[in-house]
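Trainee: Quick one: sequence and predicted model below, then my questions.
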Amino acid sequence: MRFRHPDGTTVHLAYCTNVHPAETLYGVLAQLRDHCEPVRRRLGRDRLGIGLWLARDAAAALTADAGALRGLRAELDRRGLEVVTLNGFPYQGFGSREVKYRVYQPDWTRPERLAYTTDLARLLAALLPDDTSEGSVSTLPLAWRTPFDATAARTAHTALTTLAARLDALEELTGKSVRIALEPEPGCTVETTADAIAPLTAVGSPRIGLCLDTCHLATSFEDPATALAALTTAGITIPKAQLSAALHAEHPHLPEVRQALAAYAEPRFLHQTRTLARPLTPGETPADAGLLGTDDLAEALAGSPATRSPATRSPVTGSPVTGSPVPGAAVSDGPVAPLPDGRPWRAHFHVPLHRPPDPPLTSTLPVLRDALARLVGGPAPLTRHLEVETYTWQALPPALRPRTRARLADGIAAELTLARDLLTDLGLKELP
């Protein structure tokens, strides 16, 4: 879906296909037929953007066979679909029965990650619509926080600078500009937008920027205005934003709230859970208070030891700091008491945008609305690529899961309709 911003810029809206993952090219083609085209038809649109996820094997098959790549492009056209962005965060196995920590491998210290992301950029350049010259690829934020030291940070930095040079060469060859966007995520060495500034500034290329995921932003209690102002001041580009909402529990000490949360503690994905380390005083932001968290929602409910947010502790001493002396280096986050339940909890669980959880839980949709207004509601958009990313439909509590392809298509179409309405309310005009 395309929208015209008041300044004349085209803003693209897509949905991410990692919600129905496929490991092979055959599986990707089946996705287009079984899921993507039905969503487009429900929306009554002649053209629908998709944020394609190409697992390692699918990407390798397309890279090795130019005919297969042309065939994929033709299939997209035939089904009324277009691709301006790829999700390059999961490498493989995103449809496995248990994903958890595996999604962070290989990380940016491994040559496989650089090779895979390079392939994705080259494939995207070939898949971009003829009237579009810019693409984006989101990727993991360097690595999971442990183990990740100064040597690992330097290795990741070298990989990203190498990638930036390859992207420069790609534009010279094809005329297409592809940018990579690191996606801060709770528990990673780059957990927040603030954590991203140092490593991205060190790379120093507009080709390597940030993917703002509004679920992750909310889970870490970041304020959209503060986050975006800091990124703008630092000169960090935002090639892409993912529109998503986290799970919010206002009163996690109540038995009925904990029971409701337990329905979302499931074995497939990691649901990092966060709370503020102390109450805010007037004029403070969540960054001033710091965060406490667990790697998974089940751990928080079980009373497992919480850890301090990596964003607030030194990689050398483990004491609170406002910045890291080693760009991108992870920090000491030793265990503390069980996660306090006297303040709200937020869990990294992408809940459907149009259907908030039943009380006593809510979602962080207000954070998404605030962030979107600041991203594209100003005089010029801060990003031109928006992607709805709710990959957890089949991880929802059983009664909420779509039982058929048709029900899933209905849900995705409803999410896109909500996103479309938010954009038009901000003054953007939907294009045919």
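Mentor: Thanks, I have the structure now.

Trainee: Count the residues that sit near A198.
Mentor: Here the count is done by other CB atoms under 10 Å, and A198 has 18 residues near it. Quick note: C-beta positions are derived from backbone N, CA and C, even for glycine.

Trainee: Name the next helix or strand downstream of the helix or strand where it lies, please.
Mentor: Assignment of secondary structure by DSSP states H and E places A198 within helix 193-203. Moving toward the C-terminus from helix 193-203, the first helix or strand encountered (DSSP H and E) is strand 208-213.

Trainee: relative orientation of that next one and helix 193-203 in degrees?
Mentor: 160 degrees (axes from the mean of the first three to the mean of the last three CA atoms, to 10 degrees).

Trainee: what packs against strand 208-213?
Mentor: strand 134-139, helix 150-174, strand 177-182, helix 193-203, helix 224-234, strand 240-243 (3 or more CB pairs under 8 Å, 6 or more residues apart in numbering; DSSP states H and E).

Trainee: packing partners for the longest one?
Mentor: Counting contacts by 3+ CB pairs under 8 Å, 6+ apart, the secondary-structure elements packed against helix 150-174 are helix 111-127, strand 177-182, helix 193-203, strand 208-213.

Trainee: picking that back up, show me what counts as buried in the helix holding A198.
Mentor: Residues of helix 193-203 classed as buried under the neighbour-count rule (16 or more other CB atoms under 10 Å) are T193, A194, D195, A196, I197, A198, P199, L200, V203.

Trainee: Return stretch 86-96 as CSV; C-alpha atoms alone will do.
Mentor: Output in CSV follows, covering the C-alpha atoms of stretch 86-96 (Å, rounded to 0.1, in the frame of the first residue of the first chain):
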residue,chain,number,x,y,z
LEU,A,86,12.9,-7.4,3.6
ASN,A,87,13.0,-8.8,7.1
GLY,A,88,16.5,-10.1,7.5
PHE,A,89,16.5,-10.6,11.3
PRO,A,90,15.7,-14.3,11.4
TYR,A,91,18.3,-16.4,9.5
GLN,A,92,16.5,-19.7,9.5
GLY,A,93,14.1,-21.8,11.5
PHE,A,94,11.6,-19.1,12.4
GLY,A,95,8.8,-21.5,12.0
SER,A,96,10.3,-24.1,14.3
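
Trainee: Name the residues that touch it?
Mentor: Contacting residues not belonging to stretch 86-96 are listed as 16-18, 21-23, 51-57, 99, 102-103, 105-106, 112-113, 116-117, 120, 123-124, 135-140, 180, 183, 268, 387, 389, 391 [CB atoms under 8 Å, 6 or more residues apart in numbering].

Trainee: hmm, back to that, could you dump the helix holding A198 to PDB, C-alpha only?
Mentor: Backbone C-alpha positions of helix 193-203 (Å, rounded to 0.1, in the frame of the first residue of the first chain) are rendered in PDB as follows:
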ATOM      1  CA  THR A 193      17.400   3.300  20.500                       C
ATOM      2  CA  ALA A 194      19.800   5.000  22.800                       C
ATOM      3  CA  ASP A 195      22.100   1.900  22.700                       C
ATOM      4  CA  ALA A 196      22.100   2.100  18.900                       C
ATOM      5  CA  ILE A 197      23.600   5.600  18.600                       C
ATOM      6  CA  ALA A 198      27.200   4.700  19.500                       C
ATOM      7  CA  PRO A 199      27.600   1.700  17.100                       C
ATOM      8  CA  LEU A 200      25.800   3.300  14.300                       C
ATOM      9  CA  THR A 201      27.700   6.600  14.600                       C
ATOM     10  CA  ALA A 202      30.900   4.600  14.600                       C
ATOM     11  CA  VAL A 203      29.900   3.000  11.300                       C
END
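
Trainee: what's next to it, contact-wise?
Mentor: Here helix 193-203 makes contact (CB under 8 Å, 6+ apart) with 141-142, 153, 156-157, 160-161, 164, 182, 184, 189-190, 208-210, 212, 217, 222, 227-228, 230-231, 234-236, 287, 310-311, 323-324, 327-328.

Trainee: Are any of those residues buried, and if so which?
Mentor: Members of the contacts of helix 193-203 classed as buried by 16+ other CB under 10 Å are 141-142, 153, 156-157, 160-161, 164, 182, 184, 189-190, 208-210, 212, 217, 222, 227-228, 230-231, 236, 287, 310-311, 324, 327-328.

Trainee: Now do the same contact list for the residue lying closest to V351 once chain neighbours are set aside.
Mentor: Excluding the flanking residues, the one nearest V351 by CB to CB, 6 or more residues apart in numbering is S363, at 4.9 Å. With contacts taken as CB under 8 Å, 6+ apart, S363 has the following neighbours: A245, A246, L247, H248, V351, L353, P356, P357.

Trainee: Closest to A260 out of those residues?
Mentor: In terms of CB to CB, no member of the contacts of S363 lies closer to A260 than P357, at 7.4 Å.

Trainee: SS state for the closest one?
Mentor: Secondary structure for P357, judged by DSSP: H, G, I helix; E, B strand; the rest coil, is coil.

Trainee: Ok, V11 next?
Mentor: At V11 the chain is in strand, as set by three-state DSSP.

Trainee: Find me the pLDDT at it, would you?
Mentor: In the predicted model, V11 carries a pLDDT score of 98.

Trainee: Give the burial count for it, as a bare number.
Mentor: 21.

Trainee: And it, how close does it get to E134?
Mentor: Using CB to CB, to the nearest Å, V11 is found at 12 Å from E134.

Trainee: anything in contact with each of the two?
Mentor: Overlap between the neighbourhoods of V11 and E134 consists of R384, taking contacts as CB under 8 Å, 6+ apart.

Trainee: how close does the closest residue to A164 other than its chain neighbours get to R403?
Mentor: By the measure of CB to CB, 6+ apart, the closest residue to A164 outside its immediate chain neighbours is S205, 3.8 Å from it. Counting by CB to CB, the gap from S205 to R403 is 46 Å.

Trainee: Please report how far the closest residue to E23 other than its chain neighbours lies from A61.
Mentor: For E23, the nearest residue in space outside its immediate sequence neighbours is A55; the separation is 4.6 Å by CB to CB, 6+ apart. Note on A55: its distance to A61, by CB to CB, is 10 Å.
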